[in-house]
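Colleague: Here is a sequence with its predicted model. Questions after.
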Amino acid sequence: MITPEDYQIVPKLQNPSVAKIKSQVRTSSGISRFLDIVDPTGVYSQTDIVSDDGVLYREEDTESFDFQFITRDDIRKVIVGSLDDVIKSSSLKQFYYKNYPTLTISNTTWNKSTQTTNQVTGYFDNGSPAAIGSSATSNLRYITEGSLVKFTPPVGQHFMLNNGTLMTGASSGMPGSSDIAWAKIVSVTGDGSNGGQGNLADGTGPVTLNDLVPSTAVLSEIIAKFDTTLTTTVQDAILDQVVLYNNFGLGYDTNTATWYVIAEDDLNTGSFNLANAQDTTSANLDASWLIRFSTNGVSYTVYNRATRYIFESFSRNKFYFDESVKINDPETGLTIKDKIRVLRSNVGPDFTSSLTVDYDWQIVKNVLGEDGYADTRKMQVGFFDDDDDGVVDNPELFDLIVEPLTDVNNKYVFFQETTDQGITIYVPINNTTVVTNEQQSDIDDLTIYPNGQLFYFHSTDEFKTYSTTTGVLTAVTGYRARVGRQDLLYNYKHGAPRSRRIDPAVSNLIDVYMITKAYDTQLRQWLAKGQSTTRPTAPTLFDLESAYLSSLDEFKSVSDEAVINPGEYKLIFGPGADAELQSQFKIVKNPNTNVSDNQIKSDVISAINTYFSLELWDFGDTFYFTELAAYIHNQLAPDVLSVVIVPAQSPNGFGSLFQINSEDNEILISSATVDNVEIITSITADKLKATGTVVTSSTVATTTTSTVASVSDTTTSSGSSGGYY
């Protein structure tokens with residue numbers, strides 16, 4: 001086989017179990033066989049990069065998803081599915097860490113009894129072994145299984161967290177050295193003090209911590225447990241509220257570590273505030289909701305508060321992160337995580353001293369652009385969890401690096417709106433070019449600034465420019481500000497699994513992406529059953545090599561190495577899809593038709609599923625809504641007059657899903673259900689939850705219906721998009 005096309009034709013002819021295959025050349029002749037091949041994209045090679053253009057910032061807003069229901073079972077599926085995912089999301093948990101108060105404690109130390117590889121047992125001591133949890137009356141009552149506790153070293157010492165000891169002097173920056181130590185309460189026996197006796201009969205302590213905290217460590221703060229499960233009582237209360245089409249919210253009580261329902265008359269939809277939590281005076285005072293259900297009488301939009309941390313390269317670096325790949329360390333059994341290490345050589349947040357230690361951020365998610373592609377300039381990062389126990393190692397990372405409340409005017413990073421190939425993006429700009437103040441009255445003399453000087457006033461989140469001609473400031477748009485820092489020195493480490501090592505003796509690498517018929521059938525059946533079970537997993541690289549590589553080797557060129565990669569489906573529109581790609585289809589039904597709303601919804605989903613048939617799509621194809629709209633209109637005419645796609649995420653503007661791209665190893669597939677279809681009477685801004693010009697399928701179909709073929713004689717696109725023409 002000579003050309004890349006040969007590698008996708010021959011295997012399919014030899015193996016009828018292959019449903020879809022694509023190949024492409026990754027490297028070409030000229031690579032020395034005496035050097036290990038390095039893939040700069042990070043797909044096949046580990047990446048270890050140090051740079052000085054890091055931008056770390058925080059985003060706070062709300063995320064959302066929509067649903068409709070017919071039966072109580074439909075509601076319960078939402079509760080145990082989409083709602084459960086929200087409660088367990090990193091963005092909601094990070095909002096909890098940031099906005100709920102940490103509880104201070106004094107005159108209490110830790111007494112270590114025993115130590116194993118990653119845990120210690122012991123008890124808390126405030127003059128004698130101290131009772132904790134429900135047996136305590138002070139803030140010690142918040143120390144329960146799952147809570148986080150912060151320790152500081154005794155005066156004149158610092159922690160060595162890698163071996164659970166104390167050393168004299170300030171933290172030196174050596175590996176493991178630190179001036180603070182966070183730990184999770186793994187378990188508590190009895191009241192945590194063995195009735196005031198301390199150790200249990202076998203010599204172990206009644207309290208187990210997940211990190212190596214030494215004796216005499218001083219307990220300073222507590223973060224109450226954040227329970228990510230809903231009790232049956234709360235689930236039933238949610239179900240009852242939804243059945244009645246009530247607006248309501250869900251709040252979290254740290255005293256009981258339980259969720260509670262906020263009734264419509266008590267709910268305040270404004271900014272988060274715990275001052276009136278669980279107020280039941282029917283005066284709309286309770287703004288403590290973390291999750292809010294809002295209905296228009298037909299469907300629900302579920303909002304959740306969110307805090308996200310983003311790390312971005314100003315201009316020099318791009319990131320690669322495969323969310324589907326988990327790399328295990330055979331020696332420790334732990335997952336090797338991609339990470340961003342903010343180096344201790346950075347100046348501290350006071351801009352005078354230096355950071356004393358390195359701070360690790362765990363890369364948790366790709367950031368998708370409006371086009372559906374991962375924005376490789378930035379990554380969503382989260383608090384590191386070194387031992388994979390589901391509890392973060394240090395929830396103060398952002399404050400330690402940024403300290404937003406210190407030197408406030410210098411703790412913002414700025415972005416300017418620009419267009420790249422028709423897609424709107426925000427690129428970072430140097431914050432030294434922006435004059436930042438709390439409010440305009442803080443400026444003593446405008447005349448010292450040049451014409452066009454950009455100002456940012458953070459009390460009102462407003463940008464203005466100065467004109468030397470008029471001598472006044474004028475509001476401008478196209479910029480955004482985020483709390484954070486730029487020009488950070490960082491080390492980006494990306495791991496590649498051992499299975500992706502490449503033989504350096506060859507000179508041509510051929511990527512072969514493959515989806516088997518068995519996997520295709522399993523995934524489509526899983527979607528058809530409402531994703532009620534665990535999502536089927538694609539065959540692993542080893543499975544594919546075992547089944548197909550030997551036959552491929554019989555035909556390949558000697559100088560080639562074919563790397564078989566598992567192909568993946570990229571879910572769009574419905575449950576299971578990334579939040580940025582979830583949507584609602586708004587349908588205007590012909591008032592003269594006798595077809596029921598439910599039948600229209602079912603027919604729309606059926607048409608969408610047919611449109612995304614595997615034979616019509618290829619790896620890397622692009623989705624265009626205009627083509628889908630024309631097809632739906634063609635198939636359901638005259639019952640359907642118009643169809644519009646609206647993003648489920650409230651921050652996303654109307655039209656942001658008119659084009660969705662896929663990566664080289666991905667094939668697009670719809671996960672939409674009838675819950676993602678809504679029958680509306682007319683196209684209005686209120687119905688679309690957006691303003692601006694509306695493009696409907698009736699308009700599209702006018703110009704494209706003549707080129708839309710029926711199912712029986714449809715051909716695939718010869719261009720970049722799949723689907724119907």
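Modeller: Here it is on my side, so go on.
Colleague: CA atoms for contacts and neighbours, from now on please.
Modeller: OK.
Colleague: Going by neighbour count, list what's buried in the longest strand seen in the chain.
Modeller: Ordering each strand of the chain by length in residues (DSSP state E) puts strand 47-67 first. For strand 47-67, a neighbour-count test (16 or more other CA atoms under 10 Å) marks 47, 50, 52-58, 62-67 as buried.
Colleague: again, but for stretch 348-359
Modeller: Here stretch 348-359 shows Gly348, Pro349, Leu355, Thr356, Val357, Asp358, Tyr359 as buried, counting by 16+ other CA under 10 Å.
Colleague: with those in mind, which one is nearest to Asn111?
Modeller: Val357 (25.9 Å; CA to CA).
Colleague: Quick check: that closest one vs Ile401, distance?
Modeller: 10 Å (CA to CA, to the nearest Å).
Colleague: mind showing which ranges of the stretch 401-550 of the chain have poor pLDDT?
Modeller: 497-508, 548-550 (pLDDT under 70).
Colleague: Show me the protein divided up by domain.
Modeller: What automatic domain parsing lists as the domains of the chain is 6-37+502-559, 44-55+307-501, 69-100+228-298, 103-223, 569-713.
Colleague: coming back round to it: gap between the helix or strand following the longest strand of the chain and the chain center?
Modeller: Per DSSP states H and E, the first helix or strand lying C-terminal to strand 47-67 is helix 72-78. With CA atoms, centre = their mean, to the nearest Å as the basis, helix 72-78 stands 25 Å off its chain's centre.
Colleague: what helices or strands is helix 72-78 leaning on?
Modeller: Here helix 72-78 touches helix 232-243, going by 3 or more CA pairs under 8 Å, 6 or more residues apart in numbering; DSSP states H and E.
Colleague: ok, residues contacting the helix it packs on?
Modeller: Arg72, Ile75, Arg76, Ile79, Asn247, Phe248, Trp259, Tyr260, Val261 (CA atoms under 8 Å, 6 or more residues apart in numbering).
Colleague: how far away is the closest residue to the fourth one other than its chain neighbours from Lys88?
Modeller: Okay, so that is Ile79. Leaving aside its sequence neighbours, Ile79 sits nearest to Gln235 (CA to CA, 6 or more residues apart in numbering; 7.1 Å). In this view, Gln235 and Lys88 are 16 Å apart by CA to CA.
Colleague: Ok, Asp603 next?
Modeller: Taken as CA to CA, the span from Asp603 to Lys88 is 34 Å.
Colleague: In the chain, spot the helix with the most residues.
Modeller: For the chain, the helix with the greatest residue count under DSSP state H is helix 597-611.
Colleague: which ones are touching the nearest residue to Gly156 once chain neighbours are set aside?
Modeller: Spatial nearest neighbour of Gly156, chain neighbours left out: Gly169 (5.2 Å); criterion: CA to CA, 6+ apart. By CA under 8 Å, 6+ apart, the contact list for Gly169 reads Gly156, Gln157, His158.
Colleague: Do I have it right that the second one meets Thr165?
Modeller: Read it as Gln157. No. Look at Gln157 against Thr165 with CA atoms under 8 Å: they stay out of range, at 10.1 Å.
Colleague: Look at Ile423 and say how many residues are nearby.
Modeller: As a burial measure, Ile423 scores 12 neighbours (other CA atoms under 10 Å).
Colleague: wait, what's in contact with it?
Modeller: So Ile423 contacts Glu370, Asp371 (CA under 8 Å, 6+ apart).
Colleague: Next, give phi and psi for it.
Modeller: phi -110, psi 130 (degrees, to the nearest 10).
Colleague: Excluding residues flanking it in the chain, which one is nearest Ile262?
Modeller: Gly249 (4.8 Å).
Colleague: What helix or strand is that neighbour located in?
Modeller: Judged by DSSP H and E, Gly249 forms part of strand 248-253.
Colleague: Name the strands paired with that strand and say parallel or antiparallel.
Modeller: strand 258-262 (antiparallel), strand 291-295 (antiparallel) (DSSP bridges).
Colleague: Please tabulate those strands in a markdown table, including the columns mean neighbour count, distance to Leu140 and mean pLDDT.
Modeller: Below are the strands paired with strand 248-253 laid out as a markdown table (neighbours: other CA atoms under 10 Å; distance: least, CA to CA, whole Å; pLDDT from 0 to 100):
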| stretch | mean neighbour count | distance to Leu140 | mean pLDDT |
| --- | --- | --- | --- |
| strand 258-262 | 21 | 18 | 96 |
| strand 291-295 | 21 | 28 | 96 |
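Colleague: wait, which of those is closest to Val408?
Modeller: Here strand 291-295 is closest among these (CA to CA), at 29.8 Å.
Colleague: continuing past that closest one, what's the next helix or strand?
Modeller: strand 300-313.
Colleague: So which residue is dead centre in the protein?
Modeller: Lys365 (4.9 Å; CA atoms, centre = their mean).
Colleague: could you list every residue that touches that one?
Modeller: Phe321, Glu323, Met379, Gln380, Val381.
Colleague: Break down this structure into its helices, ranges please.
Modeller: So, for the chain - with DSSP H - the helices run 6-14, 72-78, 84-87, 90-99, 232-243, 397-402, 517-528, 541-544, 550-553, 597-611, 625-636, 685-688, 697-704.
Colleague: Give the buried residues for the third one.
Modeller: Of the residues in helix 84-87, those buried under the neighbour-count criterion (16+ other CA under 10 Å) are Val86, Ile87.
Colleague: Can you name the residues in contact with it?
Modeller: With CA under 8 Å, 6+ apart, helix 84-87 has contacts from Leu92, Lys93, Thr228, Thr229, Asn304.
Colleague: what's the closest of those residues to Ser178?
Modeller: Among the contacts of helix 84-87, and counting by CA to CA, the member closest to Ser178 is Lys93, at 24.6 Å.
Colleague: And that closest one, how far from Lys529?
Modeller: 30 Å.
Colleague: ditto for Arg485
Modeller: Taking CA to CA, one finds Arg485 at 46 Å from Lys529.
Colleague: neighbour-wise, which of these two wins?
Modeller: Taking other CA under 10 Å, Arg485 and Lys529 do not tie; Arg485 has more neighbours (24 against 10).
Colleague: what's near enough to touch the more buried one?
Modeller: Contacts of Arg485 by CA under 8 Å, 6+ apart are Val55, Leu56, Tyr57, Val402, Lys411, Tyr412, Val413.
Colleague: Kindly recompute the last result at 6 Å.
Modeller: Val55, Leu56, Lys411 (CA atoms under 6 Å, 6 or more residues apart in numbering).
Colleague: Adding distance to Pro638, write the residues you listed out as JSON lines.
Modeller: Formatted as JSON lines, the contacts of Arg485 follow (distance: CA to CA, whole Å):
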{"residue": "Val55", "distance to Pro638": "53"}
{"residue": "Leu56", "distance to Pro638": "53"}
{"residue": "Lys411", "distance to Pro638": "57"}
